[in-house]
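Undergrad: Sharing a model prediction with you, sequence too.
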Amino acid sequence: MSPRPLDDTIAAIATAPGVGGLAVVRVSGPRAFALADGVFQGAVPLAQAVSHTLHHGWAVDAQGVRLDEVVAAVFRAPRSYTGEDTIEFSCHGGAVPARRVLATLQVAGARLAGPGEFTLRAFLRGRLDLTQAEAVADLVHAETTSAGDLALAQLAGALSERLRAIEERLADAAAEVEARVDFAEDVGGVETPPHVREAIVETTASLDALLAGAPWARAVREGVRVPIVGRPNAGKSSLFNALLGEERAIVTEEPGTTRDRVSERIELAGVTVTLSDTAGVRMATNPVEAMGVARALATLEGAAVVMWVIDASQPFSVDGDMLVASLRERRVLVVLHKSDLESRVAEADVLAHVDPSLARLVRVSSATGEGHDALRASLAELLGADRAGSLAGAVANPRHAEALIRARASLVRASEVATQGAPGEIVALELREALAAVGEVTGRQVGEDLLERIFARFCIGK
């Protein structure tokens, strides 16, 4: 069911507001040519124009008063972005021209498009599957070259192709199991044959391969938060400034200088990383410092990685350390700071307080720059760069990952019951559940509410 009608004609400004060279007004739908010709004066009517051609003329109101000099681009169905007849008017940039053209189209009968409605129509008319449609929004919001490349690969169908192969394999396996149930006497029973069990295992492995790179792909898509925490005077602000390449945080010899969180963004291996310099964590009697400590601890929630800075020139102790209990189940980059000085910290003593499988340790000096390359490499590894592989066809969207995790769980259950010789009906049910979960990603199994949520994040005019 379509959440919005497809039998009307929609229009919107497709370019960002503000002063610029051009502004584009897009109109799409069954009456696109009739409405566009009502506001366009050129050498020939747009309704007579060949698809994929440009036409110079004037935009006029209902009384024939000129609104702007424009160029009209003509796209005939189905060879348009939406799959419908579409005209795009290139107006002069600025606040007035495009708004006047859009208002005239609305008076003529066009409906103002909702967020992402042009892309929604492209999906509903089969021009894009849902993963490709969502990639459009990702491309618009991309803040790094890597995020843009990831979105472009998804828009080009890299993820769609991998999921289509999985869907076909699941559909074939489910159909064969169901056929054996329906014709048990003819095929000699309802148990799942070995080649179907093998197909289930191989499809599970395909999902595992997709999901393995998901953490890094999501980091590329969305960016991550990395708080820098530790005791006062551990050198957090010095490290923060060194990573930024500028003196952003105040650095003094006096412990407790940083009272509030200071955040800045850097790009690391194509990922936008928001670093936060936080107050030193200790039992504070000063109410302002105590607020800073509370905020420092709060930054741990939702952080992709925690950078735990320890002054390696001082004896290590966790007595009274409020951080340690919060780090055990987190991804932690342990930074033994001030490595230019004589070390008084044993690495084993520190690593005993974190999960070794979720932690990395580096020795760094902000004074000399020693260890900064290793720190960046270790941070990228903790974020998932070592498991990423190619970003082409990667699973970056958390909605996609959640659905594919459910699909995998269904396949694991299908494999278990098939191996146990359970009736085919049970195996087929799990296979259909997996197929439905994958269909939520591609759009084969999608409801109106989900579509509304997805396209609500789009901008109007896209």
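TA: That came through, no problem.

Undergrad: Show me how far the helix or strand harbouring Ile310 is from its chain's centre.
TA: Per DSSP states H and E: Ile310 is located in strand 306-311. With CA atoms, centre = their mean, to the nearest Å as the basis, strand 306-311 stands 28 Å off its chain's centre.

Undergrad: How about stretch 125-136?
TA: Counting by CA atoms, centre = their mean, stretch 125-136 comes out at 15 Å from the chain centroid.

Undergrad: So which bits of it are buried?
TA: Arg127, Leu128, Asp129, Leu130, Thr131, Gln132, Ala133, Glu134, Ala135, Val136 (16 or more other CB atoms under 10 Å). Using the backbone N, CA and C atoms, a C-beta is placed for each residue, glycine as well.

Undergrad: just checking, what packs against the strand holding Ile310?
TA: strand 224-230, helix 236-244, strand 332-337 (3 or more CB pairs under 8 Å, 6 or more residues apart in numbering; DSSP states H and E).

Undergrad: any weak-confidence spans in the stretch 301-450 of the chain?
TA: 320, 386-390 (pLDDT under 70).

Undergrad: switch the cut-off to 80
TA: Residues of the stretch 301-450 of the chain meeting the criterion pLDDT under 80: 318-323, 325, 384-392.

Undergrad: next one: phi and psi at Ala23?
TA: phi -140, psi 140 (degrees, to the nearest 10).

Undergrad: shouldn't it be in contact with Glu88?
TA: No - Ala23 lies out of contact with Glu88 (CB atoms under 8 Å); the separation is 10.7 Å.

Undergrad: So for the two, which residue has more residues nearby?
TA: Relative neighbour count places Ala23 above the other of Ala23 and Glu88, with 27 against 20, counting by other CB atoms under 10 Å.

Undergrad: any idea how far Ala59 is from that one?
TA: Relative to Ala59, Ala23 is positioned 11 Å away (CB to CB, to the nearest Å).

Undergrad: Which parts of the chain are strands?
TA: 10-13, 22-28, 40-42, 53-60, 66-75, 86-92, 111-112, 224-230, 262-268, 271-277, 306-311, 332-337, 359-364 (DSSP state E).

Undergrad: What helices and strands are in contact with the first one?
TA: Spelled out, it's strand 10-13. strand 22-28, helix 97-108, strand 111-112, helix 117-124.

Undergrad: Quick one: neighbours of Arg197, just the number.
TA: By other CB under 10 Å, the residues close to Arg197 number 17.

Undergrad: do you know how far Pro398 is from Val364?
TA: From Pro398 to Val364 the distance is 32 Å (CB to CB).

Undergrad: which one of the two has more residues nearby?
TA: Comparing Pro398 with Val364 by other CB under 10 Å, the one with more neighbours is Val364, at 26 against 12.

Undergrad: pretty sure that one contacts Val334?
TA: No - between Val364 and Val334 there is no contact under CB under 8 Å: 10.2 Å.

Undergrad: residues shared between the contacts of Ala23 and Ala59?
TA: With contacts taken as CB atoms under 8 Å, 6 or more residues apart in numbering, Ala23 and Ala59 have Cys91, Pro97 as neighbours in common.

Undergrad: Kindly list the longest helix within this structure.
TA: Looking across the chain with DSSP state H, the single longest helix is helix 158-182.

Undergrad: List the buried residues of that helix.
TA: Across helix 158-182, burial judged by 16+ other CB under 10 Å covers 158-160, 162-163, 166-167, 169-170, 173-174, 176-178, 180-181.

Undergrad: quick one: which of those is nearest Ile10?
TA: Ser160 (25.6 Å; CB to CB).

Undergrad: could you pull out the helices for the stretch 251-400 of the chain?
TA: Assigned by DSSP state H, counting those that start in this stretch, the stretch 251-400 of the chain shows helices spanning 287-298, 324-327, 347-351, 372-383, 398-419.

Undergrad: chain center to the shortest one, what's the gap?
TA: Translated: helix 324-327. 29 Å.

Undergrad: What of stretch 232-246?
TA: 29 Å.

Undergrad: Would you reformat the helices and strands packed on strand 10-13 as a markdown table and include distance to Glu198 and mean pLDDT?
TA: Output for the helices and strands packed on strand 10-13, formatted as a markdown table (distance: least, CB to CB, whole Å; pLDDT from 0 to 100):
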| stretch | distance to Glu198 | mean pLDDT |
| --- | --- | --- |
| strand 22-28 | 47 | 96 |
| helix 97-108 | 58 | 96 |
| strand 111-112 | 53 | 96 |
| helix 117-124 | 35 | 94 |
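
Undergrad: Adding distance to Ser238, write those out as CSV.
TA: As requested, those are exported to CSV (distance: least, CB to CB, whole Å):
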stretch, distance to Ser238
strand 22-28, 47
helix 97-108, 50
strand 111-112, 53
helix 117-124, 47
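
Undergrad: quick one: which of the ones you listed is nearest Ala392?
TA: helix 117-124 (21.4 Å).

Undergrad: Which residues does the closest one contact?
TA: 2-4, 6, 10, 12, 14, 26, 28, 81-84, 128-130, 132-133, 136-137, 443, 451, 455, 458, 460-462.

Undergrad: ok, now which ones touch Arg125?
TA: Leu6, Pro78, Thr82, Gly83, Glu84.

Undergrad: swap the cut-off to 6 Å and go again
TA: Shown in contact with Arg125 (CB atoms under 6 Å, 6 or more residues apart in numbering): Gly83.

Undergrad: hey, C-alpha coordinates of stretch 232-251 in PDB?
TA: Only the C-alpha atoms of stretch 232-251 are listed here, as PDB (Å, rounded to 0.1, in the frame of the first residue of the first chain):
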ATOM      1  CA  PRO A 232      43.400  14.800  36.200                       C
ATOM      2  CA  ASN A 233      46.800  15.700  34.700                       C
ATOM      3  CA  ALA A 234      47.100  12.500  32.600                       C
ATOM      4  CA  GLY A 235      47.600  14.700  29.500                       C
ATOM      5  CA  LYS A 236      44.100  14.300  28.000                       C
ATOM      6  CA  SER A 237      44.000  17.900  26.700                       C
ATOM      7  CA  SER A 238      47.500  17.700  25.300                       C
ATOM      8  CA  LEU A 239      46.600  14.500  23.400                       C
ATOM      9  CA  PHE A 240      43.300  16.100  22.300                       C
ATOM     10  CA  ASN A 241      45.200  19.100  20.900                       C
ATOM     11  CA  ALA A 242      47.800  16.900  19.200                       C
ATOM     12  CA  LEU A 243      45.200  14.900  17.400                       C
ATOM     13  CA  LEU A 244      43.500  18.000  16.200                       C
ATOM     14  CA  GLY A 245      46.700  19.700  15.200                       C
ATOM     15  CA  GLU A 246      45.700  22.900  17.100                       C
ATOM     16  CA  GLU A 247      45.600  24.300  20.600                       C
ATOM     17  CA  ARG A 248      41.800  23.800  21.200                       C
ATOM     18  CA  ALA A 249      41.900  22.800  24.900                       C
ATOM     19  CA  ILE A 250      43.600  24.700  27.600                       C
ATOM     20  CA  VAL A 251      46.700  22.900  28.900                       C
END
